[in-house]
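Participant: Would you be able to build a 3D model of this:
(chains A, B and C)
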Amino acid sequence: MKKSVILGVATIAALAAGAAAAGTVDDVKARGKLNCGVATGVPGFASPDANGEWQGFDVAVCRAVAAAVLDDPSAVEFIPTTGKTRFTALASGEIDMLARNTTWTFSRDVDLKFEFVGVNYYDGQGFMVPKALGVSSAKELDGATVCIQTGTTTELNLADFFRINNMSYEPVPIETNAEAQQQYLAGACDVYTTDASGLAATRATFENAGDHVILPEIISKEPLGPLVRHGDHEWGDVVRWTLNALIAAEELGVTSANIDELSSGPGDNPEVNRLLGTEGTLGEMLGLDATWAQRAIKVGGNYGEVFAKNIGEETPIGLARGLNAQWTDGGLLYAPPFR
Amino acid sequence: MSDVSFVRTEMLPEKAPPASEVGVLGWIRHNLFSSWLNAILTIVSLFFIYYVLSNILAWTFQSVWNANSLSECREIMMATWGDTHGHACWGVIKDRWLQLLYGFYPPYPAHPDATWSNPPETGAWPAYFRPNLTFILLLVAIAPVLFTKVPRKLLFVTAAYPFLLPWLMWGGSIWGPLMVAAGFAIGYLAYKFVLPVAGSLIAMIVAVALPILWWLFAAGSVADAINSVIPIGIASVESRDFGGFMLAILLGVVAIGVSLPIGIVLALGRQSDLMIVKYLCVGFIEFIRGVPLITLLFVASLLLNLFLPPGTNFDIILRVMIMMTLFSAAYMAEVIRGGLAALPRGQYEGADSLGLNYWQAQRLIIMPQALKISIPGIVSTFIGIFKDTTLVSIIGLFDVIGLTNGIRADTAWNGVYWELFAFIGVLFFVVCFSMSRYSMYLERKLQTGHR
Amino acid sequence: MTTITDPPKEHFRLSMLLYDTRYRSATIQVIAMIGFMLLAAWIISNTIQNLETLGRTVGFGFFSEPSSYDINQRLLEYDSRDTHLRAAFIGLLNTLVVAVLGCITATIIGVMVGVLRLSNNWLIARIMTVYVEMFRNVPVLLWIVFAMAILIESLPAPRAFRGENPEATMDLFGTVAVTNRGVYIPEFLFSRGLGDIHLFGTSSLRFDVSLDLVAFLIVLGGSIFAMRKVSAWANATQEQTGDRPTIWHIQLGLLFVPSAILLTVLGFHLGYPELKGFNFTGGTHLRNSLIALWLALSLYTAAFIAEIVRAGILAISKGQTEAASALGLRPGRTMRLVILPQALRVIIPPMISNYLNLTKNSSLAIAVGYMDITGTLGGITMNQTGRELECVLLLMLVYLTISLSISAVMNWYNNRVKLVER
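Facilitator: Numbers count the residues shown, from 1 in each chain, chains lettered A, B, ... in the order given. Predicted coordinates:
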């Protein structure tokens, strides 16, 4: 729709009849752009750079899906969402998928009617304290002032944790990570709690990172993953299997370095062949063409490469793979077979 | 009898006043140390000023400009001054000032891959010319309204501006805005031709109904049809790319511009004798004025799509514009009502005695005067709305405040604080202060004109 | 000769609905009403249809479920097992607290600044002008964020109070602790207190009323009543005899002695804050978020009030000041006895809208993490339950009620002042 605003508003009633009905895959193809909801700024996961280009781990998922469906990793409209607006944006169709470190929970899946297509990061809620405090376990935090980011599951986990352990605490709810960091560094709270990945990322940018420790307790399970609306299974499958393709590519040893070679023709490993479309008709079953997974992987490499580039140990964020290693390496990443 | 007179016949020459009463000293004595209390107050305030300025000035000017990340800034500070506190790191502004001003608006809309640092090779327009031109045209368009000395011919720009602004900002085919403008022409022509045939009331109804039908059903397809034959247009820009300070100005201008006619209607409705109309208007105005803007923005971001027919979907910036327009319409209605109330009763009676009907009286006598009196109020409403646009950051739009979050999420600038907010504060101050000065000037001018 | 003929009997024709001014207004109103109802019906039917597509139902049942989150500033008891309704109620109280505190301080600061702007001390007048212009021309959201940042960055953390040779010490003879988590002030305690009455049982709106406070207020009210009686007696004596009996010592005694006796009986003492573990305990904790919001809102609104006050004072004709001077009143008294009472009439109506603005601006509390009603009902509750429609509409209704009540009260006051003025 290339209409002026006034026209857009004036003809709104007329437009209304037209849209809807068709599936999201067709919508996205017709539009030529993927509308992807991301966070307004989480270091390493989604943030705009000086040119307005979005960078990060969640952003990479959006780009991979865009590459698979539209053959153009830059055909993505990134729509920043807050903790409050993300679900409405998805439910109302303003965005096609949400990749905004969102925890997969029962009520979000069932009550809010969304479909989590997988997990791109296994996280858990942790605590960071200044070393000077001399605290070595979260059980010693009775009476502490705790900074939390609101609008997430974090505050619920925190309330449960302190309740179960029969401890008191003073919650300081904060809107954004940046503000929380400021309060924590100034000593306005003793503890900062959020997902362990966020803690590590925040700590990495401190002037004196060595003065702060992340406590060993992880008090919750936070499987973070992309999600789509309930009911549109074709689209859910596209996003799910694009994510799985990235994960499987790492397991199968397909990297951005060797993908051109591997996809030039059928090789020895039939699963790689099926994944890259040199054999079988997996792409057609998805409603895409044969080379969809090739394109998704070419954007930023396989899961391991995306991880290393955005949040891995070489980056300022410096996260270890931990739970997010392949199942063959003792992690939880386990892509179903491409068969 | 002697000649000695006891009365002086010539005056003594005037003596210079004592040194303590005139000149700098005298001024200081009168204005700063006229009493003990004043002397103490003066000294305390001098200390206060010294304390504030010495801190702020040192921070502002002993600063680092050439750095690409906060850690680089800190290294330079350590090397230069030996500590990292009390020095601004303006590198973040240098790195991101364009983003803070224009958001994600493409610098060369016709060349989607080009960026500010990487301009397209072949003869593209200078970067950001469209928002800049829109802003300059805005100044040109409001000049004849605000200043009486400006040539009246510029009013044509004012009339064209409502169509130029969307076209320049959003781009696309020129036929869209032209067809919308055509709706007004249709309305006018309909009135002109129907009036002699069927009387004023029918003409009025036709003049309102025809353009609405045109906009709803014909304008879009006609614009598309003409465009397919004679494509004239510029590259289109999605409104979700709008951001930064530009978004604040755009939201403010659109909200005030569109709400002016709505506000006039509401103000007239509130003053009218028709009970139901009056109560509807009062209800609307009081409702909007009774709730905080943030709840209306929640409606824009969370509920507005629910209220519209299924499948309708237009992006968040348009929805915010709608809600901000409704918001400012209620305030505008109150300002205009104030203007109407300030008119002497005689103006209404004069209009009646000339035999003018309601609409003629409003159009020819009442409104021109009421609006003129209301301009200072309208300007201050604009300042208020303009400041309130910062609230959109709470619903996740990237206006200046929202961008500070985005910028601080970049690992290079994580931890920057005061520099960004100081920059934003100064931007807002400069714009709002100059507008409020203008409105004060106008108020003084109007006062001498009327009393 | 003229014959008087009856005007032709008019038959009602349909076109008269449009052309006859007697009927036209009715026609327009009916059309407006129908239009409005159609619009409302359109919106409601759209909403129903959309909700159906989303598979959602509308209902307030979620209010009785446990909220599962904690709120730091709670005037009434609350924990994470309480209901969402209770959480909203706690939030509402927090909104009211900051609004009331803000209105009071904004008025005080505003009146002072407004008067000082007209001061003949050049420097003071200029400083006040700079203050007013700075605050009026920068968004309130920025001021709130600034205020919070300044509190956090410039005040000492509680850990600075620790150790043999602490960097920071408590103020006012060790009774008040000013930290970057807030200010801890002594609290009122009663060792032989009367206890509380619990109202509304175990419902979400339950609250406790401290009988000590009630007793104190009753005694204080009695004292004031007695003082007025004494004052009236003194006036009557003065009118009869011309001599005014000295009553200030009686007045003072009446004011303080009964309250003091009551407080002693109840075993009144102060509980001082004390550094224990991570935080100060004991005492009343005024949180940073409250102070920042309160400070920013009052300073911001005070800048507007100052302008109103100044305009109000300038609106009083110069002759009033001159007449007061001629009577020999000092400038301070002139202001207090002559100018301000008259200026009040001009000042009050715009003041009402500034109070309203302050209350509405308090909804920006989420920027500093103050848990007002926007933070609880319109924040965490909405997030956790996903009931946007119900929460936002209820939130608007709450604010609308607050605003309308403030307007009603202030308008009543305005009318009263007007009557007195005549």
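
Participant: Mind giving me the packing neighbours of the helix or strand hosting C:Ile250?
Facilitator: Taking DSSP states H and E as the criterion, C:Ile250 maps to helix C:248-266. Helices and strands touching helix C:248-266, by 3 or more Cβ pairs under 8 Å, 6 or more residues apart in numbering or on different chains; DSSP states H and E, are helix C:211-241. Quick note: C-beta positions are derived from backbone N, CA and C, even for glycine.

Participant: From the chain's centroid, how far away is the helix it packs on?
Facilitator: 28 Å (Cα atoms, centre = their mean, to the nearest Å).

Participant: list the buried ones in it?
Facilitator: For helix C:211-241, the neighbour count (16 or more other Cβ atoms under 10 Å in any protein chain shown) marks C:Asp212, C:Ala215, C:Phe216, C:Val219, C:Ser223, C:Ala226, C:Met227, C:Ala234 as buried.

Participant: Repeat that for stretch B:259-270.
Facilitator: Residues of stretch B:259-270 classed as buried by neighbour count (16+ other Cβ under 10 Å): B:Ser259, B:Leu260, B:Ile262, B:Gly263, B:Ile264, B:Leu266, B:Ala267, B:Leu268, B:Gly269, B:Arg270.

Participant: how about the closest residue to C:Trp143 other than its chain neighbours, what does it touch?
Facilitator: In space, and not counting its chain neighbours, C:Trp143 is closest to C:Ala296: 4.3 Å by Cβ to Cβ, 6 or more residues apart in numbering or on different chains. Residues near C:Ala296 by Cβ atoms under 8 Å, 6 or more residues apart in numbering or on different chains: C:Val140, C:Trp143, C:Ile144, C:Phe146, C:Ala147, C:Met148.

Participant: Filter those residues down to the ones in helices?
Facilitator: Applying DSSP state H to the contacts of C:Ala296, the entries found in helices are C:Val140, C:Trp143, C:Ile144, C:Phe146, C:Ala147, C:Met148.

Participant: The lengthiest helix in chain B packs against which elements?
Facilitator: For chain B, the longest helix by residue count, based on DSSP H, is helix B:175-213. In terms of contacts (3+ Cβ pairs under 8 Å, 6+ apart), helix B:175-213 is packed against helix A:5-10, helix B:155-170, helix B:219-229.

Participant: shaky segments in the stretch 101-250 of chain A?
Facilitator: Along the stretch 101-250 of chain A, segments meeting pLDDT under 70 span A:151.

Participant: what does it put close to chain B?
Facilitator: A:175-178, A:181-182, A:185, A:201-202, A:204-207 (Cβ under 8 Å from any Cβ of the partner chain).

Participant: Show only the entries of those residues found in helices.
Facilitator: A:Asn177, A:Ala178, A:Gln181, A:Gln182, A:Leu185, A:Ala201, A:Thr202, A:Ala204.

Participant: So what's the residue count around the third one?
Facilitator: So that's A:Gln181. Applying other Cβ atoms under 10 Å in any protein chain shown, we find 24 residues neighbouring A:Gln181.

Participant: In space, what's closest to B:Asn405 - neighbours in sequence excluded?
Facilitator: Counting by Cβ to Cβ, 6+ apart, the nearest residue to B:Asn405 once its immediate chain neighbours are dropped is A:Gly41, at 4.6 Å.

Participant: May I ask you to confirm that the one you found is in contact with A:Thr176?
Facilitator: Yes. Checked against Cβ atoms under 8 Å, the pair A:Gly41 and A:Thr176 is within contact range at 7.3 Å.

Participant: Overlap in contacts, these two.
Facilitator: B:Asn405, B:Arg408.

Participant: C-terminal to the host helix or strand of B:Arg96, what's the next element?
Facilitator: Using DSSP H and E, B:Arg96 sits within helix B:91-102. Where DSSP H and E defines the elements, the next helix or strand beyond helix B:91-102 is helix B:129-146.

Participant: now that following helix: mean pLDDT?
Facilitator: For helix B:129-146, the mean pLDDT works out to 88.

Participant: Hmm, which of the buried residues of helix C:211-241 is lowest in pLDDT?
Facilitator: C:Asp212 (85).

Participant: Check the gap between B:Phe217 and B:Ala182 for me.
Facilitator: As defined by Cβ to Cβ, to the nearest Å, B:Phe217 lies at a distance of 14 Å from B:Ala182.

Participant: So if I had to pick from these two, which one is more boxed in?
Facilitator: B:Ala182 (18 against 13).

Participant: and the chain, what are its domains?
Facilitator: Picked chain A for this. Using automatic domain parsing, the domain parsing of chain A gives A:27-122+A:224-329, A:125-220.

Participant: Correction: the question concerned chain C.
Facilitator: The record's domain split for chain C, according to automatic domain parsing, is C:58-158+C:285-422, C:203-270.

Participant: mind checking the SS state of A:Val38?
Facilitator: Recorded secondary structure, A:Val38: strand (DSSP: H, G, I helix; E, B strand; the rest coil).

Participant: which residue sits closest to it, ignoring its sequence neighbours?
Facilitator: A:Ala46 (4.1 Å).

Participant: Compare the ones in helices among the residues of the stretch 101-250 of chain A next to chain B and tell me which is most surrounded.
Facilitator: A:Thr202 (27 neighbours).

Participant: That one is in contact with A:Met128, isn't it?
Facilitator: Yes. A:Thr202 is within contact range of A:Met128, at 7.4 Å (criterion: Cβ under 8 Å).

Participant: any shared contact partners between these two?
Facilitator: A:Tyr192.

Participant: related to what we said a few turns ago, how much space between the residue nearest to B:Asn405 and chain C?
Facilitator: 16 Å (Cβ to the nearest Cβ, to the nearest Å).

Participant: how many other residues sit next to that residue?
Facilitator: Residues near A:Gly41, counting by other Cβ under 10 Å: 25.
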